[in-house]
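Visitor: This is the structure alone, sequence omitted:
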């Protein structure tokens, strides 16, 4: 049963520190999404990639967030510097192609910025 | 861009009763509508989806209906069980599948009481 994996699962850091979250999409999936989930804002799309190229990152604060896909098996989301308002659960999801395919979510990274 | 509204935000039913969750969307170009279930501390998981060329779809105790003219779609759960207790999210996309950008509703906390 192939699944999206994310590391770390939990992260506690202090304000101002750099945070890097990693995602391994399901093998063969060429579309990767990053979401942020908070009680107040729900599930927000931050950015997504197809074939490693960014298609839309309009939901991501550009001054402190960056997302990349160094290769087809790894997506990263970085926050530098982190702030307490970044505390949330960050989900990665992947899908195969664009049409008629389900998005599968990873287990999430629970981030707490003190 | 797309805006998805979801009601109610919380729903409490007795075991065995039916539950209905409703969503409306704003972009008439949307034609893919998935529903995700998220248990506490877990990842969102797809439970059913519908495309605009279909008015209704059923999978055991779960059904989804779509009214494109009115731009709303609903999730129906019959014979509810305690394990149905979770947060349910609707979503919409202007493409035929989940491999493209999804806009999520704000979620419905369903509680099935014994």
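Guide: Arrived safely. None of the values given here were measured: they were computed from a predicted structure.
Visitor: How many residues are close by residue B:15?
Guide: Applying other CB atoms under 10 Å in any protein chain shown, we find 13 residues neighbouring residue B:15. Where you see a C-beta, it was placed from the backbone N, CA and C, and this is true even at glycine.
Visitor: mind listing what's buried in stretch A:58-77?
Guide: A:60, A:65, A:66, A:67, A:69, A:72, A:75, A:77 (16 or more other CB atoms under 10 Å in any protein chain shown).
Visitor: Report pLDDT for the fourth one.
Guide: Listed pLDDT for residue A:67 reads 97.
Visitor: Check the last one too.
Guide: Among the per-residue scores, residue A:77 shows a pLDDT of 98.
Visitor: Find the nearest non-adjacent residue to it, please.
Guide: Spatially, and ignoring its direct neighbours in sequence, residue A:77 is nearest to residue A:21 (4.6 Å; CB to CB, 6 or more residues apart in numbering or on different chains).
Visitor: so what's the one you found up against?
Guide: Contacts of residue A:21 were listed using CB atoms under 8 Å, 6 or more residues apart in numbering or on different chains, and they are A:6, A:7, A:8, A:11, A:76, A:77, A:78, A:90, A:92, A:109, A:111.
Visitor: Could you identify the buried members of those?
Guide: A:6, A:11, A:77, A:90, A:92, A:109, A:111.
Visitor: quick revisit: format the buried residues of stretch A:58-77 as CSV; extra columns: secondary structure.
Guide: Compiled in CSV, the buried residues of stretch A:58-77 are given as follows (DSSP: H, G, I helix; E, B strand; the rest coil):
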residue, secondary structure
A:60, coil
A:65, strand
A:66, strand
A:67, strand
A:69, strand
A:72, coil
A:75, strand
A:77, strand
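Visitor: Show me the two of those that sit farthest apart.
Guide: When CB to CB is used, the two most widely separated members of those are A:65 and A:72, lying 21.8 Å apart.
Visitor: Tally up the residues packed near residue A:18, please.
Guide: Count around residue A:18 with other CB under 10 Å applied: 11.
Visitor: and residue B:49, what element?
Guide: Assigned by DSSP states H and E, residue B:49 belongs to strand B:45-51.
Visitor: Direction included, what does the next helix or strand after that strand pair up with?
Guide: Note on strand B:45-51: by DSSP H and E, the next helix or strand toward the C-terminus is strand B:56-59. Take DSSP bridges as the rule and strand B:56-59 pairs in its sheet with strand B:62-67 (antiparallel).
Visitor: Give the buried residues for the partner strand.
Guide: Buried-residue list, strand B:62-67, by 16+ other CB under 10 Å: B:62, B:63, B:64, B:65, B:66.
Visitor: Could you pull up the residues touching the first one?
Guide: Neighbouring residues of residue B:62 by CB under 8 Å, 6+ apart: B:47, B:48, B:75, B:76, B:77.
Visitor: Can you tell me which of these is nearest residue B:41?
Guide: For these, the closest approach to residue B:41 (CB to CB) belongs to residue B:47, at 17.7 Å.
Visitor: still on that earlier bit, could you dump the contacts of residue B:62 into TSV with pLDDT, neighbour count and distance to chain A added?
Guide: What follows is the contacts of residue B:62, written out as TSV (pLDDT from 0 to 100; neighbours: other CB atoms under 10 Å in any protein chain shown; distance: CB to the nearest CB, whole Å):
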residue	pLDDT	neighbour count	distance to chain A
B:47	96	18	11
B:48	96	19	11
B:75	98	25	16
B:76	98	17	20
B:77	98	24	20
